[in-house]
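Q: Attaching a predicted model along with its sequence, questions to come.
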Amino acid sequence: MRILTWKQIAAWICAIVLVAACFITAVASVTGNSESGDYIVITLCHWDNGGTTETDLVKEVCAAFEEKYNAEVDEKNASLEEGEEEYDRIKVEVSVISSYESQFNSIIAAQTVPDVFLVPDGNFGQWVKTGVMLDLTEYIEQSELIDLSKVWPSAVDRYRYNGKTMGSGAIYCMPKDITPYVMYYNKDLFDRYGVPYPDPSVPWTPEEALQYWSMFGYSRSEELGGSTVYVSSRTGETKVTSEHVYGVAKIYPESLIWSNGADYLSEDRTEVLIDSSEFIEVYDYIQTATMDYCVTPTSAILATTSEKTLFLNGEAACYIEGRSVTSDLRKQATFDWDIAPIPAFEADPNCNGWSGSVGYAVYKNTAYPDIAYRLAEFFTSVEGQLIMTESGFSIPLYNDEETIAKLYEYDAGKLPQNTAEWLRAAQYQRAGLWQYLPSVRWKDRLADDMGVLFESDPSKRATAEQFLTDEKEVILNIIKTDFPELFSNG
């Protein structure tokens with residue numbers, strides 16, 4: 001018999017309590033009572049990753065839906081003949097869960113799933129295979145609120161599943177948002193160090209980015225105190241002083257890899273492509289930028305602070321992130337700032353990043369599928385989208401002229417000034433690596449292992465070619481283990 005540690009026992013207790021709480025919530029979604037009569041409780045489960053800004057917005061959208069739905073019910077009830085049964089009003093209850101992805105796996109396992117629940121696009125593949133999501137395709141086809149021809153295609157396609165692969169087939173989630181990634185930049189720092197602003201529509205090449213990012217510390221002009229980067233004579237380690245300003249808070253490899261015409265996996269996901277010359281070129285670049293020029297912090301530094309904090313504190317001149325941080329930057333930044341395209345190679349400069357997204361699924365066994373769908377649908381509707389757009393949290397899912405005009409109207413007089421970059425990015429950017437396969441174990445292993453490229457001691461540091469050549473087999477074995485069906489002949 002296996003003896004559990006106290007830490008393991010505590011973890012199990014937490015999971016049991018969480019599942020029990022969700023079970024109680026699910027039971028409560030049957031008819032309840034209010035001062036105005038009977039109502040139906042519809043439960044919606046959400047994460048806390050977006051902080052209070054997103055939570056407040058979600059509750060605001062739910063309140064708007066509740067008001068709209070109940071107004072329709074009141075109108076129907078007012079026209080009923082005597083003796084006819086009245087329609088029930090609704091109440092939406094929002095529950096917010098920390099460590100959402102791991103906790104929701106327990107909820108799925110216990111089948112205590114709420115009526116509507118948030119699905120990060122990175123978890124969609126894993127969760128749709130469990131069968132807990134209602135196929136929403138027929139609802140959408142009959143919808144009077146949703147016109148998919150006006151929605152950014154990638155926002156919908158990432159929630160399709162055909163029973164085997166993602167990206168095609170039935171739709172199982174209503175997209176809540178799309179968050180294109182851009183490069184935020186601190187205009188005050190650029191002015192101070194005499195660095196030219198990035199072009200608002202044409203991305204820097206990697207060489208240009210390294211040149212300009214390094215101007216904040218590596219080759220700082222003499223009147224500003226000299227360089228803040230030096231090499232230890234004892235170990236050869238490149239170091240920075242406390243006054244160093246990073247050019248960018250973090251360099252993400254995906255944007256450089258895709259724009260350089262390379263990719264991680266083949267289209268059928270049976271081949272690992274990370275040892276191509278174009279792929280190796282990107283990792284060479286990031287290693288040089290990090291370890292030689294120090295234009296971006298190492299993972300050890302980012303373990304003690306966040307990219308957002310570095311940017312807000314003026315310790316990083318640029319910050320690559322999605323639209324979702326805009327509302328926070330508008331409140332917290334004490335400097336002038338704007339956005340520009342993420343640096344990219346010239347092979348495919350439009351493919352210079354990814355867009356994030358979350359959607360809402362309807363529980364397959366909900367007692368109220370029609371109402372639950374309508375709640376999820378409302379988030380995707382123009383009305384729901386504009387509530388979130390006005391806050392700055394996201395751009396609208398719709399690309400028609402009328403809705404885009406609203407985005408410009410809401411952004412007028414606010415930072416960033418370069419609203420057009422959101423739209424360019426949304427048009428071309430793809431979903432992230434988490435959409436390649438239902439499991440991200442292969443991706444996480446690659447990220448975990450790449451620390452050998454950034455060893456402080458140069459004698460222990462691997463080259464990009466060495467690392468990627470060796471890692472190719474490691475990643476392939478993980479994919480073969482997790483997805484043997486991809487390699488079967490049947």
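A: Received the coordinates, thanks.
Q: Which residue ranges make up each domain of the chain?
A: Per the record, the chain has its domains at 12-78+85-177+357-398, 180-355+434-487, by automatic domain parsing.
Q: want to throw those into JSON lines with mean neighbour count, distance to Tyr408 and mean pLDDT?
A: C-beta: built from backbone N, CA, C; applies to glycine. As requested, the domains of the chain are arranged in JSON lines below (neighbours: other Cβ atoms under 10 Å; distance: least, Cβ to Cβ, whole Å; pLDDT from 0 to 100):
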{"stretch": "domain 12-78+85-177+357-398", "mean neighbour count": "18", "distance to Tyr408": "10", "mean pLDDT": "89"}
{"stretch": "domain 180-355+434-487", "mean neighbour count": "18", "distance to Tyr408": "14", "mean pLDDT": "93"}
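Q: To Gln427, which of those lies closest?
A: When the domains of the chain are compared for distance to Gln427 using Cβ to Cβ, the nearest one is domain 12-78+85-177+357-398, at 7.1 Å.
Q: any idea how far that closest one is from the chain center?
A: Once both centres are worked out by Cα atoms, centre = their mean, to the nearest Å, domain 12-78+85-177+357-398 turns out to sit 17 Å from its chain's centre.
Q: Also stretch 301-317?
A: Relative to the chain's own centre, stretch 301-317 is displaced by 19 Å; criterion: Cα atoms, centre = their mean.
Q: Any idea how far apart the tips of that stretch sit?
A: 16 Å (Cα to Cα, to the nearest Å).
Q: Contacts for it next, please.
A: 184-186, 188-190, 193, 195, 213, 216, 244-250, 296-297, 318-321, 325, 328-329, 332-333, 335 (Cβ atoms under 8 Å, 6 or more residues apart in numbering).
Q: Cross the residues you listed against strands and list the overlap.
A: Assignment to strands by DSSP state E places the following of those there: 184-186, 246-248, 318-321.
Q: most centrally placed residue in this structure?
A: Centre of the chain computed as the mean C-alpha position; nearest residue by Cα atoms, centre = their mean is Gly356, 3.4 Å away.
Q: From Val182, how far out is that residue?
A: Relative to Val182, Gly356 is positioned 12 Å away (Cβ to Cβ, to the nearest Å).
Q: Then Ala316?
A: Distance of Ala316 to Val182, computed by Cβ to Cβ: 15 Å.
Q: try Asp48
A: Asp48 sits 24 Å away from Val182, taking Cβ to Cβ as the criterion.
Q: now do Thr326
A: Taken as Cβ to Cβ, the span from Thr326 to Val182 is 10 Å.
Q: follow-up on the earlier one: and for Gly356 and Val182, which residues touch both?
A: Gly322.
Q: so what's Glu401 up against?
A: Glu401 neighbours (Cβ under 8 Å, 6+ apart): none.
Q: thought the residue nearest to the centre of the chain was touching Val325?
A: No - using Cβ atoms under 8 Å as the test, Gly356 is too far from Val325 to be in contact (11.1 Å).
Q: Just checking: what are the partner strands of the longest strand along the chain?
A: The residue-count maximum for a strand in the chain (DSSP E) belongs to strand 37-47. Applying DSSP bridges to the sheet, strand 37-47 is found paired with strand 31-34 (antiparallel), strand 89-97 (parallel), strand 116-120 (parallel).
Q: Asp400 contacts Leu148, correct?
A: No - using Cβ under 8 Å, Asp400 makes no contact with Leu148, being 11.8 Å away.
Q: for Ile107, helix, strand, or coil?
A: Here Ile107 is helix, with the state taken from DSSP: H, G, I helix; E, B strand; the rest coil.
Q: what's the distance between it and Ile339?
A: Per Cβ to Cβ, Ile107 is found 37 Å from Ile339.
Q: Mind telling me what element Pro114 is part of?
A: Using DSSP states H and E, Pro114 maps to neither a helix nor a strand.
Q: can I assume it is in contact with Tyr363?
A: Yes - Pro114 lies in contact with Tyr363 (Cβ under 8 Å); the separation is 6.4 Å.
Q: what are the ranges of the helices in the stretch 301-450 of the chain?
A: 307-312, 326-332, 369-380, 382-391, 401-411, 420-428, 441-449 (DSSP state H, counting those that start in this stretch).
Q: Looking at those, spot the one closest to Tyr139.
A: Per Cβ to Cβ, nearest to Tyr139 of those: helix 369-380, 4.9 Å.
Q: Remind me what the closest one packs against, helices and strands.
A: Judged by 3 or more Cβ pairs under 8 Å, 6 or more residues apart in numbering; DSSP states H and E, helix 369-380 is in contact with strand 37-47, helix 51-78, strand 116-120, helix 137-142, strand 174-175, strand 358-362.
Q: run the last query once more with 7 Å
A: strand 37-47, helix 51-78, strand 116-120, strand 174-175, strand 358-362 (3 or more Cβ pairs under 7 Å, 6 or more residues apart in numbering; DSSP states H and E).
Q: of all those, which lies closest to Val282?
A: strand 116-120 (25.8 Å).
Q: Now do that closest one: everything it contacts.
A: For strand 116-120, the surrounding residues in contact (Cβ atoms under 7 Å, 6 or more residues apart in numbering) are 42, 44-47, 101, 127, 173, 358-363, 372, 375-376.
Q: what's the angle from it to strand 358-362?
A: Computed by axes from the mean of the first three to the mean of the last three Cα atoms, to 10 degrees, the angle separating strand 116-120 from strand 358-362 equals 140 degrees.
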